[in-house]
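Participant: Sharing a model prediction with you, sequence too.
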Amino acid sequence: LFMLVVPLFIMSGGKVGATGPGQVQSRSIQMSDDTVNTSASTASYLVQFNVATTGAVQAIIVDFCNTDPIPGDVCTIPTGFSVGSTFTPGTNTASGWSASTANSNRTFDLSNSSGASRTAGDTMSFTITGVTNPTVLGTFYARIFTFATPSLATTWITSAADGSTTTGYTDYG
């Protein structure tokens, strides 16, 4: 019994039978250019992931941090970084999606108020364009969140501009 319960406890984040946000799977961000930038907004970042939870996906947040990738931890913008406010559509983001930025150009927000329901495992992708890479060489992170409605994403952005909000999202990674 111990060998069965302990793995279940660990896999559910410490709560047997836990429900809540799922972790996006097969997630990646591919940079078109990984050089340190001083002022050019010429990089693009291809974002791809598989949704974890079946349901509406009407907003996606990609939050860039120099601290760590853990949702709920304070997120500080990488030095000199600026996320682009435009995108090139990809899988399941082609029709009706619009982009914006927030939090001093640290946070990319992609939304579609008529976004379709997605099944767990569906791929979503898009390319963020006009990105200015950090001016300091080093590691930085991106946190991906999905939301059932654009208003939930807006609330997430404004409720804690430091990235420490842990509510409102459907999936994360």
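Facilitator: Done, it's in.
Participant: what helix or strand is residue 153 on?
Facilitator: helix 150-159 (DSSP states H and E).
Participant: what's downstream of that helix, the next helix or strand?
Facilitator: strand 171-172.
Participant: I'd like the mean pLDDT over that next one, please.
Facilitator: The average pLDDT for strand 171-172 rounds to 95.
Participant: in its sheet, what does that strand sit against?
Facilitator: strand 22-23 (parallel), strand 141-147 (antiparallel) (DSSP bridges).
Participant: Any idea which of those strands has the lowest pLDDT on average?
Facilitator: strand 22-23 (a mean of 91).
Participant: how far does it sit from the chain's center?
Facilitator: Distance, stretch centre to chain centre, for strand 22-23: 12 Å (CA atoms, centre = their mean, to the nearest Å).
Participant: and if you look at stretch 132-147?
Facilitator: Its chain's average C-alpha position is 10 Å from that of stretch 132-147, according to CA atoms, centre = their mean.
Participant: repeat for stretch 53-72
Facilitator: 3 Å.
Participant: so where's this protein shaky on pLDDT?
Facilitator: For the chain, the stretches with pLDDT under 70 are 1-20, 38-39.
Participant: For residue 35, grab the count of nearby residues.
Facilitator: 11 (other CB atoms under 10 Å). For every residue, glycine as well, the C-beta is placed using N, CA and C.
Participant: so who does the residue lying closest to it once chain neighbours are set aside touch?
Facilitator: Spatial nearest neighbour of residue 35, chain neighbours left out: residue 133 (6.6 Å); criterion: CB to CB, 6 or more residues apart in numbering. Residues in contact with residue 133 (CB atoms under 8 Å, 6 or more residues apart in numbering) are 31, 33, 34, 35, 36, 37, 43, 80, 81.
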